[in-house]
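*Asks:* structure here, sequence nowhere to be found:
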Ligand SMILES: CC(=O)[C@@H](O)[C@H](O)COP(=O)(O)O
Ligand SMILES: NCC(=O)COP(=O)(O)O
């Protein structure tokens with residue numbers, strides 16, 4: 001079960017820096033190619049409805065320009081489904097979105113929106129995309145994701161990451177225990193288990209050590225570290241910490 005742990009590098013915030021000035025640089029595709037060269041197993045990018053960072057042209061350039069899998073994150077809407085069906089990325093991860101949010105604040109309420117979400121999964125899966133649901137570790141959400149035919153669940157590690165950053169380590173440990181339980185349940189239901197949001201050098205090891213987790217998607221922290229270390233070395237250090245946790 002505890003096979004090779006893949007690292008998906010999320011490059012959203014390369015586009016955040018670019019859009020701050022409306023320039024053509026830094027280029028998300030160039031960052032993705034650097035990540036690929038540094039050993040990333042995949043590239044994740046989130047085409048938000050408000051296009052605050054990654055834009056449609058970025059997704060098209062990534063789809064055409066990288067060799068490793070592209071994990072296309074988006075809300076479950078007709079607009080996004082049409083774009084995904086046109087580009088046919090390796091994977092699509094359905095995430096909740098609220099315009100006023102600064103970042104993804106929670107997981108999808110799959111249990112409360114099953115029929116609507118199931119409507120999106122079938123055509124994406126039939127187009128050859130691996131469909132993932134970005135959810136919390138709640139058993140209801142995991143069971144509903146399996147019921148509607150998702151291949152993957154990505155467990156939201158944002159609350160764990162926030163607790164860890166605030167030094168609330170007992171609470172972070174309790175959240176970690178819930179993530180472990182959720183990963184085991186998801187695996188028992190035949191779902192591939194991923195995790196992501198807010199992961200850093202300091203907090204990644206316990207999540208990487210969860211044996212059912214096959215992929216971590218990490219972005220904001222790595223793009224920040226790239227300012228000091230360079231993107232390649234930042235990715236290599238994250239990979240080292242992930243592998244050490246898995247050893
Ligand atoms: C779903 C998730 O946690 C991230 O992949 C997402 O992209 C976060 O949104 P921002 O990148 O806009 O912060
Ligand atoms: N799905 C999580 C992701 O892609 C990256 O999240 P973050 O590391 O930017 O918080």
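*Replies:* Yes, it's here. Here the structure is a predicted model, which means the values were calculated and not measured. Numbers count the residues shown, from 1 in each chain. Ligands and ions are numbered 1, 2, ... in the order given.
*Asks:* could you find the closest non-adjacent residue to residue 39?
*Replies:* residue 239 (5.9 Å; CB to CB, 6 or more residues apart in numbering). C-betas here are computed from N, CA, C, even on glycine.
*Asks:* from memory that neighbour sits against residue 6, does it?
*Replies:* No: applying CB atoms under 8 Å as the test, residue 239 and residue 6 come out as separate, 10.0 Å apart.
*Asks:* output the below-cut-off pLDDT ranges for the chain.
*Replies:* Residues of the chain meeting the criterion pLDDT under 70: 1-2.
*Asks:* let's see it at 90
*Replies:* For the chain, the stretches with pLDDT under 90 are 1-4, 98-105, 247.
*Asks:* give me the distance between the lengthiest helix in it and the centre of its chain.
*Replies:* Under DSSP state H, the helix in the chain containing the largest number of residues is helix 169-188. Offset of helix 169-188 from its chain centre (CA atoms, centre = their mean, to the nearest Å): 18 Å.
*Asks:* buried stuff in it?
*Replies:* For helix 169-188, a neighbour-count test (16 or more other CB atoms under 10 Å) marks 172, 175, 176, 178, 179, 180, 182, 183, 184, 185, 186, 187 as buried.
*Asks:* any part of that helix near ligand 2?
*Replies:* No: judged by CB under 6 Å from any ligand atom, helix 169-188 stays clear of ligand 2, getting no closer than 13.7 Å.
*Asks:* ok, now stretch 50-68?
*Replies:* No: for stretch 50-68, no contact with ligand 2 is found by CB under 6 Å from any ligand atom; the gap never falls below 10.4 Å.
*Asks:* neighbouring contacts of that stretch?
*Replies:* For stretch 50-68, contacts defined as CB atoms under 8 Å, 6 or more residues apart in numbering pick out 11-13, 15-16, 19, 28-29, 32-33, 36, 40-43, 45-48, 70, 72, 83, 87-89, 99.
*Asks:* returning to what we had before: where does the residue nearest to residue 39 fall, secondary structure wise?
*Replies:* Residue 239 is part of helix 231-246, with elements assigned from DSSP states H and E.
*Asks:* report the buried residues of that helix.
*Replies:* 231, 234, 235, 238, 239, 241, 242, 246.
*Asks:* out of those, which comes closest to residue 158?
*Replies:* The closest of these to residue 158 turns out to be residue 238 (CB to CB; 17.4 Å).
*Asks:* that closest one: what's it in contact with?
*Replies:* The neighbourhood of residue 238, defined by CB under 8 Å, 6+ apart, consists of 7, 201, 204, 218, 222.
*Asks:* tell me how many other residues crowd residue 57.
*Replies:* Using other CB atoms under 10 Å, residue 57 has 10 neighbouring residues.
*Asks:* which residue is nearest the centroid of this protein?
*Replies:* Centrality entry for the chain: nearest residue to the mean C-alpha point is residue 217, 4.2 Å, by CA atoms, centre = their mean.
*Asks:* just list whatever residues bridge to that residue.
*Replies:* residue 8, residue 196 (DSSP bridges).
*Asks:* gap between residue 210 and ligand 2?
*Replies:* Using CB to the nearest ligand atom, to the nearest Å, residue 210 is found at 15 Å from ligand 2.
*Asks:* residue 144 now?
*Replies:* For residue 144, the distance to ligand 2 (CB to the nearest ligand atom) stands at 19 Å.
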